[in-house]
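Engineer: what's the 3D shape of this:
(chains A and B)
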Amino acid sequence: MNNSVTNTARLLGAGLRALLVLTLVTGVLYPLVVTGIAQGLFPGRANGSEIKADGKVVGSSLIGQAYNLPPEEGRETPAPDLKWFQGRPQNGLGTNSVNTRYKLVLSGATNRSGDDEELVQWVKDAKAAVVKDNSTDTYKVKPSQVPPDAVTSSGSGLDPDISPRYADLQVHRVAERNGLSTAQVRKLVEEHTEGRTLGFMGEPRVNVLELNVALKELTAKS
Amino acid sequence: MGPVLAGVLQLLALMAALALACKPLGAYMAKVYTSDKHLRVEKWIYKGIGADPDTEMRWPAYLRGVLAFSAVGVLFLYLLQRLQGHLPGSLGFAAIDPDQAFNTAVSFVTNTNWQSYYGEQAMGHVVQTAGLAVQNFVSAAVGMAVAVALVRGFALPHSRLRSSGGTPIRTGELGNFWADLVRGVVRILVPLAAVAAVVLVACGAIQNFSGIHEVGQFMGGTQEWNGGAVASQEAIKELGTNGGGYFNANSSHPFENPTPFTNLFEIFLILLIPFSITRTFGSMVGSVRQGYAILATMATIWVGFVALMMWTEFSHHGPAFEAAGGAYEGKEVRFGVGASSIFAVSTTLTSTGAVDSFHSSFTGLGGGITLLGMMLGEIAPGGVGSGLYGILILAVIAVFIAGLMVGRTPEYLGKKIGSREIKLAACYILITPALVLVFTACAMALPTPANSMTNSGAHGFSEILYAYTSGANNNGSAFAGLNADTQWFNTTIGLAMLLGRFVPMVFVLALAGSLAEQKPVPVTAGTLRTDKPLYTGLLVGTIIIITGLTYFPALALGPLAEGLA
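Structural biologist: Numbering: from 1, shown residues only, chains lettered A, B, ... in the order given. Just a heads-up that it's a prediction; the model follows:
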């Protein structure tokens, strides 16, 4: 009995020492070396791919933002600022419930199933809003033109991109609201459309923040 | 080019990359686990542990090493979380509650990485980097060690695998656990992870220690961002088939998985070791063709599942998807439906559980495919190490079934599959389904657990079935609509993970010990050839039939009911 207790203690001691040594290798040295290399070679990317407009940091090219008007009283959800290109719905995002001295965005998805009634309603409402917001006096959007990414929330809730189809849909509205010609805005969208990597990886996409930064520059010039 | 064709091309590119990498990496790993030499850094580590790496262990000693190391791991990680409020470098985050800390500690030590917490608001730098990420390495190395021990059971004593100073290996010895653990970390996981992490940073994954800081926004005001050692953790998270995300959104978060290329690269990392280790197996048992037969089995199931998943996701059956015009809910634009389907299948056919898109919002049948992938026991190609030992158990069962059909004593790799061996294999394949079905039944029968469901009806049932399937199979992905941060779920899923990891390992090592004691029998004309396509077909059939018989009733209540509605 005594013997087996000693043996177990000795074994657990070896386990603990192994864990501590391997923690030093994989939990201290490894991340520090990688951080050193990352900060040395790719400082911009390692720190979040920040982009600037007018000399000020306006976010990360990788993280989607909301382009809304300031909140009004009596409205539950803020209204989109239609002057700017709009990203995807963000119904899955949350705010932090613990460590509340910070104001953190909790990334995430809605996790609703395809037969969830509320999700069906969100999609229908979003589609109606996209049709209404993007129709101008001279340009009418048909519901069949609205691509799926325009009416669904992404996995992270922070999707920085929209499909080229959704960007095209917004061209007339954006041109009108900024006093630009549709040709100018369409050219801007084309310049910011990225195809599949090497022609086959992923899907074609338009980065909304980069597009809006370019749009701001264009409107300031004209 | 349409999205379907792009999806198929991405699948083909992935297969080509894996085909190129498997042979050299698998052969290298065989060398790592059979070499007599110790690196200098390894000698220092053995000195620190106080263990002699050349002592041969029989299976009980090997198992004791596994269990002691893992028990200490759970306790250490539990304490780290409980003390987080007092640890420096924790961003001032509070301690984790006891039930959640238990769940998380078990989750990372068992290679599951089920997460009932939100990474960005709960875990500071120290817990993430020196706690969770460390288990990403060592839990993977433990899995590989157990797999290698089983392979030695088949290979010994007719080929000498480790010889120290020329002393002959006695029967029943499986190698040294500490040596296998340390070599797996030092020679395989750390170098590969370091390269992968740098590639991820080069594409945009973050790697800094800037804590939580404010960043400007386009419309004015600021947002608060988490900094962190994300790329270094992401690399081992995929490579070690762990799956615990730095952020709640896991690999769909742009800081973890920024581009279409990194997405494919992460799938590649998930599959790299599980596929390559079949070559290691082939080399160690002295016939690479035996390794190819296992590889072919894994690859057949994986490709078949990807094809099914793409078909159901592209055809997007379901009211919300039909209203939207595509199954884009929970998916990122940069990946699209095709690559998201490949990721979802790869993560659930291995023990990874990382997600680049949310399985709960897949089509009914798509969600069912992710569930079925885990129910197969994660063997195609499975977790690092656990995939190989899982499929070898099924290979033993397949040989046994074939033996019954022709009325011969079954043999596999020159070892007789007698009553003791088949009992151990049968226990192995029973334990996980028992955990899944009993816990699911309890959760459904009790009044309160069902309050955690976001969706109702068949999908609500799938949420709970998925949670226990994911836990007991050590996957870690979720139908994340389920609010799993309750005492009931933290505790029962914790137990499912613990029992689902270590009870099967007991049977694997006992089987390894029993095989290692046997003298090999010579191959005769009547021996079933286990290195031929016929056997691969038999093995695929065995896997599908056993899983189907076990889980069909439960699947019919959940995803099938939803998908066929």
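
Engineer: list the contacts for B:I543?
Structural biologist: Residues in contact with B:I543 (C-beta atoms under 8 Å, 6 or more residues apart in numbering or on different chains) are B:T297, B:I301, B:L376, B:G377, B:I379, B:A380, B:I391, B:L394. For every residue, glycine as well, the C-beta is placed using N, CA and C.

Engineer: wait, which of the residues you listed is closest to B:P258?
Structural biologist: B:A380 (28.6 Å; C-beta to C-beta).

Engineer: remind me which helix or strand the closest one belongs to.
Structural biologist: Using DSSP states H and E, B:A380 sits within no helix or strand.

Engineer: and the closest residue to A:V206 other than its chain neighbours, how many neighbours does it have?
Structural biologist: Ranked by C-beta to C-beta, 6 or more residues apart in numbering or on different chains and with sequence neighbours excluded, the top spatial neighbour of A:V206 is A:A167, at 4.3 Å. A:A167 has 27 neighbours, counted by other C-beta atoms under 10 Å in any protein chain shown.

Engineer: same thing with A:G44?
Structural biologist: 11.

Engineer: wait, it touches A:E50, no?
Structural biologist: Yes - contact between A:G44 and A:E50 holds when scored by C-beta atoms under 8 Å: they sit 7.3 Å apart.

Engineer: ok, residue 113 - contacts?
Structural biologist: You didn't say which chain, so I picked chain A. The contact partners of A:S113, by C-beta under 8 Å, 6+ apart, come to A:L119, B:G318, B:A320, B:S360, B:S361, B:G364, B:G367, B:N455, B:H459, B:G481, B:E562.

Engineer: think we crossed wires, I meant chain B
Structural biologist: Neighbouring residues of B:N113 by C-beta under 8 Å, 6+ apart: B:S107, B:N136, B:K237, B:N242, B:G243, B:G244, B:G353, B:A354, B:G476.

Engineer: can you give me every residue that contacts the closest residue to it other than its chain neighbours?
Structural biologist: Nearest-residue entry for B:N113: B:G244, 3.3 Å, with adjacent residues in sequence omitted and distances by C-beta to C-beta, 6+ apart. By C-beta under 8 Å, 6+ apart, B:G244 lies in contact with B:S107, B:F108, B:N113, B:Q115, B:G119, B:L132, B:N136, B:K237, B:G353, B:A354, B:G476.

Engineer: am I right that B:Q487 is in contact with B:Q100?
Structural biologist: No - counting by C-beta under 8 Å, B:Q487 does not reach B:Q100; the two are 9.1 Å apart.

Engineer: more neighbours: these two, which one.
Structural biologist: Legend: neighbour count by other C-beta under 10 Å for B:Q487 and B:Q100, higher for B:Q100 (22 against 13).

Engineer: outline the domain layout of chain A.
Structural biologist: Residue ranges for the domains of chain A, per automatic domain parsing: A:1-47, A:50-88+A:117-152+A:159-221.

Engineer: can you report how many residues lie near B:K47?
Structural biologist: For B:K47, the neighbour count with other C-beta under 10 Å is 11.

Engineer: and B:K43, by the same measure?
Structural biologist: Using other C-beta under 10 Å, B:K43 has 12 other residues around it.

Engineer: so where does it fall, helix or strand?
Structural biologist: Element membership for B:K43 (DSSP H and E) is helix B:40-49.

Engineer: ok, residues contacting that helix?
Structural biologist: Residues from elsewhere that reach helix B:40-49, judged by C-beta under 8 Å, 6+ apart: A:14, A:17-18, A:20-22, A:25, B:38, B:52-53, B:178-179, B:182-183, B:186.

Engineer: give me the pLDDT for the residue nearest to A:V206.
Structural biologist: You'll see A:A167 listed with a pLDDT of 98.

Engineer: can you confirm it is in a strand?
Structural biologist: No - looking at A:A167 with DSSP: H, G, I helix; E, B strand; the rest coil, it is helix, so not inside a strand.

Engineer: do you know how far it is from chain B?
Structural biologist: Distance of A:A167 to chain B, given as C-beta to the nearest C-beta, to the nearest Å: 11 Å.

Engineer: check whether that residue really touches A:L211, as I assumed.
Structural biologist: Yes - A:A167 is within contact range of A:L211, at 7.1 Å (criterion: C-beta under 8 Å).

Engineer: between the two, what contacts are shared?
Structural biologist: The contact lists of A:A167 and A:L211 share A:F85, A:V189, A:H192, where a contact means C-beta under 8 Å, 6+ apart.

Engineer: got a list of what the residue nearest to A:V206 touches?
Structural biologist: A:F85, A:V189, A:H192, A:T193, A:V206, A:L211.

Engineer: number of nearby residues for B:P447?
Structural biologist: Neighbour count of B:P447, defined by other C-beta under 10 Å: 6.

Engineer: and it, its phi and psi?
Structural biologist: Dihedral pair for B:P447: phi -70, psi -40, per degrees, to the nearest 10.

Engineer: against A:R17, how distant is it?
Structural biologist: B:P447 is 47 Å from A:R17, where distance means C-beta to C-beta, to the nearest Å.

Engineer: tell me where the chain has strands.
Structural biologist: Reading this off chain A. Per DSSP state E, chain A carries strands over the ranges A:50-53, A:56-60, A:94-95, A:105-106, A:161-162, A:193-194, A:205-207.

Engineer: that's the wrong chain, I meant chain B
Structural biologist: For chain B, the strands defined by DSSP E cover B:212-216, B:222-226, B:411-412, B:415-416.
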